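1. Next comes the sequence, and after it the predicted model I'd like to discuss.
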Amino acid sequence: MAIRKIVTLGDETLRKECRKQEKFDLRLAILLKDMADTMYRAEGVGLAAPQVGVLRRVCVIDVGEGLVEMINPVITKREGEQTGREGCLSLPGRQGVVTRPMKVTVNYQDRRGAFQQLNAEGFFARACCHEIDHLDGRVYIDVMDRELTPEEIEGHIPEDDDE
Ligand code: NI
């Protein structure tokens with residue numbers, strides 16, 4: 001198990017557009033394993049490669065339905081809308097209210113390079129949007145409706161009732 005260092009806001013890596021992953025090799029397998037280990041250790045639900053300093057279009061997500069590894073993911077369909085709270089391992093201690101599609105379809109490649117498609121809904125759809133944004137140098141504060149105060153992070157907010 002190798003835990004990688006998660007970079008935080010201010011690190012320019014988070015602001016760069018990632019390059020397509022072309023090789024489906026051992027190096028990628030190690031990156032994916034390390035990213036999952038790092039995400040679980042940090043108790044996150046998603047992690048994108050630029051967050052560990054790798055500028056490639058790779059991310060991992062586990063919202064409690066099992067680990068999903070997405071290479072070169074593209075959102076091909078968006079449906080509906082949800083407004084709710086969102087955080088990021090690269091912005092520790094902060095949360096914002098972000099409006100995202102309720103459902104998304106994502107086309108991506110798996111670790112062997114095979115083309116896959118998944119449909120995500122609710123919090124899983126939110127996580128897909130959040131992680132894929134990272135691959136284009138975007139973080140949730142760029143697209144949020146508002147930032148939560150420390151009191152709101154601990155408590156209930158009106159937007160929690162929407163979902
Ligand atoms: Ni994030």
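-> Alright, I've got the coordinates. Please read these numbers as outputs of a predicted model, since none were measured by experiment.
2. what's near enough to touch residue 80?
-> Contacts for residue 80 were tallied using C-beta atoms under 8 Å, 6 or more residues apart in numbering; they are 101-103. Glycine gets a C-beta too; all of them are placed from N, C-alpha and C.
3. Next: residue 116.
-> If you count contacts by C-beta under 8 Å, 6+ apart, residue 116 has them with 107-110.
4. among the residues you listed, who's most crowded?
-> Ranked by neighbour count (other C-beta atoms under 10 Å), these have residue 108 at the top, with 23 neighbours.
5. Surely that residue touches residue 71?
-> Yes - shown here, residue 108 and residue 71 form a contact pair, counting by C-beta atoms under 8 Å, at 6.0 Å.
6. next helix or strand past the helix ranked longest in the chain?
-> Counting by DSSP state H, the longest helix found in the chain is helix 26-41. As assigned by DSSP states H and E, the chain's next helix or strand after helix 26-41 is strand 46-48.
7. returning to that earlier point: who wins on neighbours among the contacts of residue 80?
-> residue 101 (19 neighbours).
8. Now that residue: phi and psi?
-> phi -60, psi 150 (degrees, to the nearest 10).
9. The one 3 residues further on too?
-> Here the main-chain torsion angles of residue 104 (degrees, to the nearest 10) amount to phi -140, psi 150.
10. for residue 143, same thing?
-> As for residue 143, its main-chain torsions (degrees, to the nearest 10) stand at phi -120, psi 10.
11. Quick check: closest non-adjacent residue to it.
-> By the measure of C-beta to C-beta, 6 or more residues apart in numbering, the closest residue to residue 143 outside its immediate chain neighbours is residue 98, 6.1 Å from it.
12. Do a quick rundown of the strands in the protein.
-> Assigned by DSSP state E, the strands in the chain fall at 46-48, 58-61, 68-79, 82-86, 96-100, 103-109, 115-121, 146-147.
13. Now distance to residue 127 and mean pLDDT too, for the ones you listed, in CSV please.
-> What follows is those, written out as CSV (distance: least, C-beta to C-beta, whole Å; pLDDT from 0 to 100):
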stretch, distance to residue 127, mean pLDDT
strand 46-48, 5, 98
strand 58-61, 5, 98
strand 68-79, 9, 98
strand 82-86, 9, 97
strand 96-100, 9, 98
strand 103-109, 10, 98
strand 115-121, 8, 98
strand 146-147, 19, 97
